[in-house]
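> Coordinates for the following, if possible.
(3 chains)
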Amino acid sequence: MSDYIIKNGFVFDPLTGIKGDKKDIGIKDGKIVEASEVKGGKTIDASGKTVMAGGVDIHTHCVGPKVNVGRLMRPEDKLFRSRTKVGNTRVEMGFSVPSTFATGYAYARMGYSFLNEAAMPPLHAPHVHEEIRDTPIVDIAAMPVMGNNWFQLEYLKNRELENNAAYTAWLLNATKGFGIKCVNPGGTEAWGWGMNCTTIHDPVPYFDITPAEIVKGQMETNELLGLPHCLHVHPNNLGNPGNYTTTLDTLKLAEGIKPNNKFGRDVVLHNTHLQFHAYDGTTWADFESGSQKVMDYVNKHDNISFDVGFVTLDETTTMTADGPFEFHLNRLNNLKWANTDVELETAAGIVPYVYDKNIKVCDIQWAIGLELALLAKDHMRCHLTTDHPNAGPFTRYPRVIKWLMSKKARDDLLHSFKWSEKVIAATQLESMDRELSLYEIAEMTRAGPAKCMGISNLYGSLKEGTNANIAIYDINPEKMPKDPELIEKAFSETAYTFKDGVMVVENGVVIATTPKYTVWTDVKVKENAIVERDIHEKFAKYYSVGLENYKVFDEHMHNPRAIEVDATN
Amino acid sequence: MSTVTLTAKGTHELYLEAYNVTPDAFAGKTADEIAALECHEGNRKGKLGEYFDIDGNGGDTAADTQIIVKGDCKKIKRIGQQMTAGEIIVESDCDMYTAGWMKGGKVTVKGNVDSFCGIGMAGGEFIVEGNAQNYLGSAYRGDWRGMTGGLIHVKGNAGNDVATFMRGGKIIIDGDAFLHVCTHGEGGTVVIKGNVESRVGGQMVKGDIYVYGQIKYMMPGFKYVDDVEAEAVEGEKLTFAHYIGDLGERHSKRKGEIIYGNIYLKK
Amino acid sequence: MPKVIKNVGCPYCGACCDDVEVTVSDDGKRVLEVKNVCAIGTQIFMHGGDHDGRIKLPRMRQPDGTMKDVSFKEAIDFTAKTLLKAKKPLMYGFGSTNCEGHAAAARVMERAGGCLDNCASICHGSSFLAIFDNGYPSCTLGEVKNRADVIVYWGSNPAHAHPRHMSRYAIFPRGFFTGKGHKSRTVIVIDPRFTDTGRVADYYLQVRQGHDYELFDAFRMVCHGHADDIPDVVANIPKETILEVAEVMKNARFCNFFYGMGLCHSDGRNHNIDIAISLTRDLNEFTKCTIMAMRGHYNITGPGAVWSWQFGFPYCLDLTKKTMVHMNPGETSSVDLAMRDEIDAFINIGTDAGAHFPIPAVQHLKKHPFITIDPSRNMASEISDLHVPVKICGVDDGGIVYRMDNVPIQYRKVVDAPAGVPSDEEFLDAVYERMVELEGEGFI
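Coordinates of the predicted model:
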């Protein structure tokens, strides 16, 4: 392995507070070191370029069963829309739901090094780990979905937090999962009967618990265990006009709950793809932005964070564990619909969707995403995602960065819409002059997500001693380009990407792959006979798979990197 | 208009994929430059010149370019694929994807064509003097946007799955078709002058199908409403029994009226 | 002491029973006894292990037409050279291969620039076409067990093809919301033949062969408020029966369609599934309804999953361009490729194309190099130029397989294969390495 000195770059590293200073960075044995420690390494001339830590994606649907159904059911997503392979890589197929190889390479080209797969159905965990094996270069963690899990519904209904914590720890271990994901709490279980929960107080059929009780209980469970990441919530009532009230109700559940962890995490609740939850109006006809109302709350409460889920105005594929939402969406657009209800655990729906810039609603959604990021006061708590591939493919992150950094870029687009006057009336984007800085972009794309997930000692920083995951972009902060297209271009293909000290991308071309890791959380808890008995009982009676075959075998876990948590006290 | 004449040498052992045989690719090129254009025989990347004798230069634009293909093209795929303008005349049979995803111009095949011809067509004219196999003027797998415009005219018979997911344009078949016509149709017009076996208009949302001969098995979801006079093909005013459907499928409303798919069966 | 291994997955059908108990001999070479398995699964377990009946070396056809044992090294070399020489090789099969094998095969065929296809191509491939066009509202088998109170078997006969399907998942088990088992469920069987599955039905509809599509249309007309317009008889089923059964489906708490080859291989093929999916969707306006293909082999769902994540397509892959992948069943499907004589080398793996393909297709294939990779002798192996024996996945090799509902099941190795016999993955990886070597040496 070669050592390197990256010389004269403008360094942006929010976790160490470096704001664009010219600084040399050393790479030795795959780790970041003081530049002076590197003797005889190769020199990379980064003058006039921007240096950041490898990107960290806090919420992406990159691997797993529903992603794969999305690939399978959309051959047309590949037709004349795939990248032609160059060099000695594997073939890259697909636009909105790329193949595993395409996903790994494309993230590496954008300078990313860590992905958090946002929804792993526990029963399908071996599948998720197979796809992780086949996604090159980037390290991946996967969050098991638990917001509709029968064990949790029962424990939380009875307020048995310790039992819930013990079960959660067992499930993370069985699935080799990373943290607690909660999707449409209770609503997805209701979907087992074709129903839904659209407010946080709708009772879940049969289980007689409310979404509010689930979210609160899971937050408490998370802090009882002291997991690296906080509870990661996709609230009820996604995608409906007027849903900002449900969102505020959900966020308020975090009031009074304090973070408890040894990973430097300050928040207790992460609201994912907030854009889909910040809608005002009562119907699609009077649909308008609710971003101000949501951000007024978020800015004042520092124990919550969010990622945006920017709409990128592309033809894409929506996929979520929010089964009833996808059915509803399918009834709106009449395109093909896939669904998988997963016994005792969750569900998933998949529907292709065209965010057409000639449709007013799509444009308002686009504007809401940008407003959220421009209204945010603390970008360590506001993260860049497209809820890939729901609001757009992750390959559009550079385009989103362009819109955030250039008023001209977003205004040009806004004024080109067929219904631009109506869009302007329903949003405040046109009046917003703010242009985000490279430092804020670094907060949104690496430092913030890493801190929120409790992995900032491993990812998202250029601290000495961390793994040498580094992105070097061809953009000069002292001479920011007049043409916003150049911003998009710079973030699309790095000048260099380093992963664990190996140069994997040079001038936008993947030149090497490295061993990559599967990150999971290994929680030790006290023995709990009740939970053990409950697990045995549910598997004997209700699961269609044997308990011993449910737990991911060691040989199906690839390059594990365990984050140890001791919750025995 | 400049004419480029291609004569197939018959040097391919397997099927040849001649996706560059289009006025768009030939425009602005000399015969030698055309001979250097890429094609594929299995995994071997070759040049058009290895498989065709090429005579004549392309015009300045696609619209100014005419291509005449001689020799046996029975095992040549993708002629005219994605073309936007100009003209191609194939003097023999040719294989799959002829005129596939065509946007404009004109393709005439003097012989028969195989399956997936005129697939995803958006504009232009595609004339087949012989028969067409399956999936004529259909959609690519999974695409809900099938044929959206243009004209396909087959003078012989067509196989199964004509016009799946059709949304616009017109297909005329002088002979028979077999199973599935306009399945999932959402617009456009299909005229079949011969007979059809069954499943005409299944899952059809919108669009018009005219059948001059017999439909052996009518879909239960189509209901006779009235007799109408119509001109399915210019200059052929005829009386048809008018059916609406598929009553098992969703339909949209326009000005309070439900819009159905229509089958017109000649009386 | 014989050893008992529990929680073993069965390498027979797509129901992937994972509660098998296998007793193996002292030396770990033979299966002595199996429990919780149907008659067919039992036979497969008994074939595994190290015994006289196993083929232990590759067999290469000689100029005089006889087969001669050769080393694995020679077999690897022959396979690699065959692939590199071919302009359009095809590798087909994979019903009885683990997912690790499917991934290895994909890597080989991407490098070779060939076509890659699995048994779905002649089986549930038409279901894929319908999924492409219309989606797939489905669920896992445990959902059916715990919730479903109306079960429809349409063109499928689990009593023979998936022997434990009804008892483990669909009709008889007592689930969380279905505590009375069979008594809490209504069973509808729709099939032109009165099958053994039909015997457990509350409603049996003898649909006219080849006219399922029309019957679905009639059910959909009920959902869309056009019951009155249904003709008196559709596909041999009287209107009153259609209306009655439609009410049963609409009033279910949870309805599931299980369909088989009777539906996806009668006239119209993919369209029958397509309209079944439309009906499933329609019924979700009234209740909860899902649909599931009765996939045949225990891991025939696997290659569809693996290749979808690697390439975006489940089957019928054309990798000849090497820089991108094309898929279009009807063109790139194995039987069509063979019937049209589009390919110039063939590898049959974990299946028997010799028995399953039409004779003219096999005749075309036989004009070119023909290799079989399979633990056993079959019709394909006997006409091959090379037959490579491999481990039996699920008996002497473990690995991940996908059940008919796309749930991954981790299979266990229970006995040792004969020494030196590789798994599919090991053999294909060796072929890949040899291809890289040969290319480096300037072969071709």
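
> going forward, measure contacts and count neighbours with C-alpha atoms only.
Noted.

> Up against chain A, what does the stretch 101-250 of chain B have?
Residues of the stretch 101-250 of chain B lying near chain A by Cα under 8 Å from any Cα of the partner chain: B:140-144.

> swap the cut-off to 10 Å and go again
B:139-145, B:250 (Cα under 10 Å from any Cα of the partner chain).

> Which one (most neighbours) among the residues you listed?
B:Ala139 (29 neighbours; other Cα atoms under 10 Å in any protein chain shown).

> mind listing what C:Arg107 touches?
By Cα atoms under 10 Å, 6 or more residues apart in numbering or on different chains, the residues touching C:Arg107 are A:90-91, C:101, C:310, C:428-429, C:432.

> Oops, could you answer that again for C:Ile347 instead?
C:79, C:82-83, C:89-93, C:116, C:353, C:365, C:369-373, C:380, C:384, C:386-387.

> ok, and of these, which contact chain B?
C:Pro89.

> Does stretch B:144-158 reach chain C?
Yes - for a cut-off given as Cα under 10 Å from any Cα, stretch B:144-158 has contacts with chain C, namely B:Trp144.

> Quote the end-to-end distance of that stretch.
22 Å (Cα to Cα, to the nearest Å).

> C:Phe313 reaches A:Leu79, doesn't it?
No - using Cα atoms under 10 Å as the test, C:Phe313 is too far from A:Leu79 to be in contact (11.2 Å).

> For these two, indicate the residue with more neighbours.
Regarding C:Phe313 and A:Leu79, a neighbour count based on other Cα under 10 Å identifies C:Phe313 as having more, with 30 against 17.

> Does the more buried one fall in a helix, a strand, or a coil region?
coil (DSSP: H, G, I helix; E, B strand; the rest coil).

> any idea how far it lies from A:Met453?
C:Phe313 is 34 Å from A:Met453, by Cα to Cα.

> cool, A:Ile44 as well?
Using Cα to Cα, one gets 31 Å for the distance from A:Ile44 to A:Met453.

> State the number of residues packed around A:Gly264.
Here the number of neighbours of A:Gly264 (other Cα under 10 Å) works out to 18.

> which ones among the contacts of C:Ile347 are found in strands?
C:89-93, C:116, C:370-373, C:386-387 (DSSP state E).

> Let's have those residues in TSV, adding neighbour count and pLDDT.
Converted to TSV, these look like this (neighbours: other Cα atoms under 10 Å in any protein chain shown; pLDDT from 0 to 100):
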residue	neighbour count	pLDDT
C:Pro89	30	98
C:Leu90	33	98
C:Met91	24	98
C:Tyr92	26	98
C:Gly93	26	97
C:Leu116	29	98
C:Phe370	23	98
C:Ile371	27	98
C:Thr372	33	98
C:Ile373	26	98
C:Leu386	26	98
C:His387	33	98
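
> Now distance to C:Val150 too, for those, in TSV please.
TSV is the format used below for the ones in strands among the contacts of C:Ile347 (distance: Cα to Cα, whole Å):
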residue	distance to C:Val150
C:Pro89	46
C:Leu90	42
C:Met91	41
C:Tyr92	37
C:Gly93	35
C:Leu116	38
C:Phe370	47
C:Ile371	46
C:Thr372	43
C:Ile373	42
C:Leu386	50
C:His387	47
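
> Pick the one among those closest to chain A.
Closest approach to chain A among those (Cα to the nearest Cα): C:Leu116, at 14.2 Å.

> so the closest one bridges to which residues?
Here C:Leu116 sits in beta bridges with C:Met91, C:Leu317, as judged by DSSP bridges.
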